[in-house]
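*Asks:* Show me the folded form of this:
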Amino acid sequence: MRRVLPPRVRHSARSHLLLTTIVGLLLGMLALGAQPASAAPAATPAAPPAAAADEPEPGILCSLVPELCEPEPDPDPEPEPDPDPGTDPEPEPDPVDELESDPDAVKLPRGCRDERGYMKPRPCRIGRTKRGAPTIFVYGDSHAGQMLPAVERAIGKKRINLVLLMLGACPPMLTDPKRPGGDGANVCQEFGNDVAERFRKLQAKGKVFRVVAGMGWQLYHNVLSEPDDVDRAYPTYVNPYIRTNAHRGRTRTQALFEQLGRWGVRVDLVGQLPMVYERAPECEQGEFECDLPRRATLKDAQANRAQAQRLRKLVGRSGPLISPASEFCDRKVCRGTIDGVPTYFDRFHIGKRASRRLASYFKPTVKAVQRADKRARKAARR
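*Replies:* Model prediction:
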């Protein structure tokens with residue numbers, strides 16, 4: 001009898017038992033199905049010759065016992081061909097270029113970002129510097145940075161400088177060098193102290209400037225508060241860096257605003273804006289473009305507003321709390337698109353075009369700094 005198994009079959013006791021049973025069944029079926037030639041109907045054409053009983057097709061065995069026909073690994077595999085030496089490999093996409101090509105990405109001078117597209121922890125000047133002109137600083141984490149297009153549009157062609165002071169996931173804070181917490185001050189705390197010192201020096205020199213400050217209120221509130229049913233239904237994103245800075249900013253954010261108030265620095269504070277919660281349903285219209293429940297995208301709005309109001313009062317004669325969320329949200333939902341323009345750039349931030357819609361909220365800031373500049377110039381002429 002010739003070999004039944006195809007070459008390179010893995011043998012085992014179970015495989016032999018299964019094979020013996022199958023071959024026996026096939027032989028029995030062939031024997032029962034045989035008929036004498038005289039019994040066959042005359043009109044039936046002759047059937048093709050049957051395969052020999054000792055040569056069942058490998059395909060039958062493989063369909064019944066697939067593991068019998070799994071090939072053994074080749075001990076000497078063929079090496080993969082080398083790429084054509086005349087062709088260059090595809091270059092890795094530049095993250096900064098990708099940001100620049102997105103109509104809803106906030107465009108910044110290249111010198112303000114590192115090679116990965118992240119903000120460098122230093123002042124980022126927007127546009128040409130106008131010598132002797134007043135300055136508006138946009139300061140805080142990336143949720144302050146998302147206001148940049150709105151402030152830029154509010155300024156327009158007026159003779160005002162614009163500077164971004166932003167570090168992602170880093171709420172404004174002031175740290176006592178003697179009590180940094182943890183293993184020492186991290187980059188967020190160092191950045192906060194550098195910004196505070198910058199404001200102190202500018203104020204001491206009599207420079208005219210105003211600060212637009214903001215932060216991801218819900219990111220930090222989510223860490224510092226006990227979870228409730230809404231948190232469990234609509235979880236907020238968190239990572240170790242956010243968690244660390246939330247705890248370190250618990251008292252240090254207040255310390256910063258108290259110090260700015262003592263120095264007389266004018267601050268306009270921006271309240272909470274919507275974010276897309278974790279595990280939000282997929283949207284057929286486009287990523288993050290569907291309307292979502294207000295209580296999920298503006299979580300803990302009352303508590304966050306109260307916290308913002310407390311900080312605003314610490315800086316004295318600053319303007320009222322800037323609350324632009326109503327531009328995107330009604331009492332029940334926050335809209336994913338407005339007039340065909342997506343609200344969000346990503347899960348955490350509104351996009352550039354959405355931000356530009358908010359320019360009117362910052363016109364009082366522009367007018368206030370213009371008035372302060374006019375007063376300073378008038379006083380200098382005396």
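
*Asks:* pLDDT at P66, what is it?
*Replies:* Listed pLDDT for P66 reads 38.

*Asks:* What is the end-to-end distance of stretch 305-324?
*Replies:* Stretch 305-324 has an end-to-end distance of 12 Å (criterion: CA to CA, to the nearest Å).

*Asks:* tell me which residues of it are tucked away?
*Replies:* Neighbour counts using 16 or more other CB atoms under 10 Å place 305, 307-308, 311-312, 314-315, 318-319, 321-324 of stretch 305-324 among the buried residues. In short, each C-beta sits where N, CA and C put it, glycine included.

*Asks:* just stretch 250-266 next, same as before
*Replies:* Within stretch 250-266, the residues that count as buried by 16+ other CB under 10 Å are R252, T253, Q254, A255, L256, F257, Q259, L260, G261, V265, R266.

*Asks:* hang on, the fifth one is in a helix, isn't it?
*Replies:* Yes. When DSSP: H, G, I helix; E, B strand; the rest coil is applied, L256 is found to be in a helix.

*Asks:* How about E284: what's its closest non-neighbour residue?
*Replies:* C290 (7.9 Å; CB to CB, 6 or more residues apart in numbering).

*Asks:* For that neighbour, grab the count of nearby residues.
*Replies:* Applying other CB atoms under 10 Å, we find 17 residues neighbouring C290.

*Asks:* ditto for the one 10 residues further on
*Replies:* Counted with other CB under 10 Å, residues neighbouring D300 total 20.

*Asks:* ok, back up a step: now the buried residues of stretch 305-324 as CSV including distance to D194, secondary structure and pLDDT?
*Replies:* Converted to CSV, these look like this (distance: CB to CB, whole Å; DSSP: H, G, I helix; E, B strand; the rest coil; pLDDT from 0 to 100):
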residue, distance to D194, secondary structure, pLDDT
R305, 29, helix, 97
Q307, 24, helix, 97
A308, 23, helix, 97
L311, 20, helix, 97
R312, 23, helix, 96
L314, 20, helix, 96
V315, 19, coil, 93
S318, 22, coil, 74
G319, 25, coil, 82
L321, 26, coil, 96
I322, 25, strand, 97
S323, 29, coil, 97
P324, 28, helix, 97
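
*Asks:* hmm, which two among the residues you listed are most spread apart?
*Replies:* Farthest pair in the buried residues of stretch 305-324 (CB to CB) is L314 and P324. Separation: 21.5 Å.

*Asks:* picking that back up, what is the nearest of the buried residues of stretch 305-324 to V238?
*Replies:* Q307 (17.7 Å).

*Asks:* Please verify my assumption that the closest one contacts W217.
*Replies:* Yes. Using CB atoms under 8 Å, Q307 is in contact with W217, at 6.8 Å.

*Asks:* you'd agree D373 is up against V208?
*Replies:* Yes. Contact criterion CB under 8 Å: D373 and V208 qualify, at 4.7 Å.
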